[in-house]
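Undergrad: sequence unavailable; structure follows:
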């Protein structure tokens, strides 16, 4: 069992949506998944699994607190047999400074 994501291999779906905010993971699961199940809440990392429109299972979880920590979460999801990691949200994007003239 991974240290940060308390789950067993196969408890997450093959594809996992990764928003940057744990509450957004909860929102995605509760709003879009059929029968969402919370799989993890360790260290504030909320993780869910469920089905989208009755089709193949999806997971949602927070990718962590920046690029370095996110790699820990990605590695642990891979240990749990997740095959597709799909980042959702703004990905930290922000508009650039205003252009002159």
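TA: The structure has been received and is ready for your questions. All values reported here derive from a predicted model rather than from experimental measurement. Numbers count the residues shown, from 1 in each chain.
Undergrad: longest strand anywhere in the chain?
TA: strand 33-40 (DSSP state E).
Undergrad: can you tell me the strand partners of that strand and which way each runs?
TA: strand 47-52 (antiparallel) (DSSP bridges).
Undergrad: got a list of contacts for the partner strand?
TA: 5, 7, 11-13, 25-26, 28-29, 32-41, 57-62 (Cβ atoms under 8 Å, 6 or more residues apart in numbering). Yep, even glycine has a C-beta here, placed from its N, CA and C like the rest.
Undergrad: and the longest strand of the chain, what's buried?
TA: Applying a neighbour-count criterion of 16 or more other Cβ atoms under 10 Å, one finds 33, 36, 39, 40 buried in strand 33-40.
Undergrad: my read is that residue 82 contacts residue 17, right?
TA: No: counting by Cβ atoms under 8 Å, residue 17 is not a contact partner of residue 82; they are 10.6 Å apart.
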